[in-house]
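Chemist: sequence and predicted structure are below.
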Amino acid sequence: MQKKPRILVVGSFVMDLIATTERVPQSAQTVYGKSFHMAPGGKGANQALQCARLGADVTMMGCVGDDIFGEKLLETPRAAGVDVSRVLVRRGAVSGIGHVTLEVTEHTAQNRIVVIPGANQTLTVEDVAWIRQEIAGYDMVLLQLEIPLAVNRAVARWAREAGVPVMLNPAPATDLDDELLSLVTYLTPNEQEASMETGLPLGTDENGPLREDLQKIAAALWSKGVENIIITLGGSGSAVVASDSIRDVPCVHMDHVADPTAAGDSFVGALSVGLTVGLPQAEALAFASHTAAITVSRMGAMPSLPTLDEVTELLRERDYRGFDLSVLDVLK
């Protein structure tokens with residue numbers, strides 16, 4: 001019998017402070033908000049939690065501060081079965097904070113986020129050195145860009161040496177060096193990140209992103225050694241760009257969009273689970289799209305991430321027949 005996939009996530013913990021408003025303020029303007037709440041998040045922790053809620057065996061490595069948010073950030077992943085025993089609590093450091101302004105209208109919600117990294121940026125290669133000896137036991141490694149690049153490079157290099165695939169979600173967007181990109185098996189930027197990472201424009205028309213721009217961006221990334229490029233496109237779904245073709249993966253629309261926060265993390269986590277249970281890429285992408293669709297219909301980061309039962313229920317409701325759902329039984 002196939003075993004549950006083992007996934008290692010090295011990344012961030014961030015407490016989101018979320019203010020909801022009907023319109024964001026302009027410069028020097030004050031507006032009234034509708035509500036305020038806090039929710040644990042961080043790209044790394046969100047992705048780890050999504051993998052665990054879908055049934056994977058997940059280990060999370062990162063760093064929190066010894067403040068009021070530090071323990072709170074660990075509670076939800078731990079309750080979902082994520083192994084957080086290796087997470088460092090940095091004395092004298094503050095935990096990561098995300099300042100989220102959520103603009104909610106009748107039909108949609110748009111977020112603007114400022115992240116204060118805090119303890120996340122204190123993580124060192126020495127802190128994660130244990131990974132080198134244990135990485136061969138994992139089926140996938142997930143990385144993002146809310147921790148130091150030196151840590152990501154080291155972990156990706158150890159994974160390559162051990163033959164373990166690496167999925168890098170290059171967010172928040174920053175300049176990436178060629179060494180890190182050459183070690184990446186799956187790169188999953190959104191449209192803004194894909195453009196920023198390459199310095200190339202990504203235009204749109206009435207049909208969505210321009211195909212020729214997608215091909216140019218992908219060619220620039222392939223030249224750096226990236227093997228698989230999957231660009232998420234919000235309401236336009238996602239695109240898998242190959243050397244001679246672009247495969248469109250449609251967005252799974254929900255009746256109500258409450259909050260897009262963590263939608264990308266939900267997609268990445270589900271994609272990694274789908275791939276590690278053996279789904280072909282197209283089917284793993286469909287699984288990820290249905291997972292992320294549930295996420296945007298709910299408020300908050302971690303609170304919005306669905307379970308395997310919820311995702312399979314949506315797949316049945318939408319009459320998805322791309323793969324036999326019994327393939328997912330190994331995750332139960």
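Modeler: Good, I have the coordinates.
Chemist: can you give me the helices for this protein?
Modeler: Ranges of helices in the chain, per DSSP state H, are 43-53, 68-79, 131-134, 149-162, 178-182, 191-198, 211-222, 263-276, 281-296, 308-317.
Chemist: give me the buried positions along the longest one.
Modeler: Residues 281, 283-296 are the ones in helix 281-296 that count as buried (16 or more other C-beta atoms under 10 Å). Every residue, glycine included, has its C-beta placed from N, CA and C.
Chemist: of all the residues you listed, which comes closest to D259?
Modeler: V296 (6.8 Å; C-beta to C-beta).
Chemist: I'd like the distance between the residue most central in space within the chain and L143.
Modeler: Per C-alpha atoms, centre = their mean, the C-alpha nearest to the average position across the chain is that of D265, at 2.4 Å. Counting by C-beta to C-beta, to the nearest Å, the separation of D265 from L143 is 12 Å.
Chemist: list the residues that contact both of these two?
Modeler: Shared contacts of D265 and L143, defined by C-beta atoms under 8 Å, 6 or more residues apart in numbering, are found at N169.
Chemist: strands along the stretch 1-150 of the chain, start to end?
Modeler: Under the criterion DSSP state E, counting those that start in this stretch, the stretch 1-150 of the chain carries strands at the ranges 6-10, 14-21, 35-41, 57-61, 63-65, 88-90, 96-104, 109-116, 140-143.
Chemist: what's the closest of these to L168?
Modeler: Once the strands of the stretch 1-150 of the chain are compared by C-beta to C-beta, strand 140-143 is nearest, at 4.9 Å.
Chemist: what comes up buried for that closest one?
Modeler: By neighbour count on 16+ other C-beta under 10 Å, the buried set for strand 140-143 is M140, V141, L142, L143.
Chemist: try stretch 210-221
Modeler: Within stretch 210-221, the residues scored as buried using 16+ other C-beta under 10 Å are D213, L214, Q215, K216, I217, A218, A220, L221.
Chemist: one more: stretch 94-103?
Modeler: So, applying 16+ other C-beta under 10 Å, buried residues of stretch 94-103: V94, S95, G96, I97, G98, V100, T101, L102, E103.
Chemist: identify the residues contacting the third one.
Modeler: It refers to G96. With C-beta under 8 Å, 6+ apart, G96 has these contacts: 12-15, 42, 64, 115-120, 146.
Chemist: and if we set it to 7 Å?
Modeler: For G96, the contacting residues are S12, F13, V14, M15, G42, V115, I116, P117, G118, A119, N120, by C-beta atoms under 7 Å, 6 or more residues apart in numbering.
Chemist: and what of T20?
Modeler: So T20 contacts G33, K34, S35, L102, V104 (C-beta under 7 Å, 6+ apart).
Chemist: and the furthest pair within these?
Modeler: Once C-beta to C-beta is applied, those give G33 and V104 as the farthest pair, at 10.1 Å.
Chemist: tell me which of these two has more neighbours.
Modeler: V104 (19 against 13; other C-beta atoms under 10 Å).
Chemist: identify the residues contacting that one.
Modeler: Going by C-beta under 7 Å, 6+ apart, V104 touches T20, E22.
Chemist: quickly list what it is bridged to.
Modeler: Using DSSP bridges, the bridge partners assigned to V104 are A109.
Chemist: need the pLDDT of it.
Modeler: On pLDDT, V104 comes in at 83.
Chemist: low-confidence ranges in this structure?
Modeler: 1, 107, 243 (pLDDT under 70).
Chemist: let's see 80
Modeler: 1-2, 106-109, 175, 242-245, 261, 300 (pLDDT under 80).
Chemist: thinking again about what came up before, can you redo the helices of the chain as CSV with distance to I231?
Modeler: As requested, the helices of the chain are exported to CSV (distance: least, C-beta to C-beta, whole Å):
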stretch, distance to I231
helix 43-53, 17
helix 68-79, 28
helix 131-134, 28
helix 149-162, 20
helix 178-182, 15
helix 191-198, 5
helix 211-222, 7
helix 263-276, 11
helix 281-296, 11
helix 308-317, 22
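Chemist: and those helices, which is most packed in?
Modeler: helix 43-53 (a mean of 31; mean count of other C-beta atoms under 10 Å).
Chemist: so which residues make contact with that one?
Modeler: In contact with helix 43-53 (C-beta under 7 Å, 6+ apart) are residues 7, 9-13, 58, 60, 62, 73, 76-77, 80-82, 142, 144, 146, 169, 171, 262, 265-266, 268-270, 272-273, 301-302, 305-308.
Chemist: tell me what R90 is bridged to.
Modeler: G65.
Chemist: distance of it relative to E146?
Modeler: For R90 relative to E146 (C-beta to C-beta), the value is 15 Å.
Chemist: which residues does the closest residue to R211 other than its chain neighbours form beta bridges with?
Modeler: Take R211 and drop its neighbours on the chain: the residue closest to it by C-beta to C-beta, 6 or more residues apart in numbering is I246, 5.8 Å away. For I246, the beta-bridge partners under DSSP bridges are V241.
Chemist: contacts only, for I246.
Modeler: So I246 contacts R211, L214, A239 (C-beta under 7 Å, 6+ apart).
Chemist: cool, G137 as well?
Modeler: Taking C-beta under 7 Å, 6+ apart, we find G137 in contact with R6.
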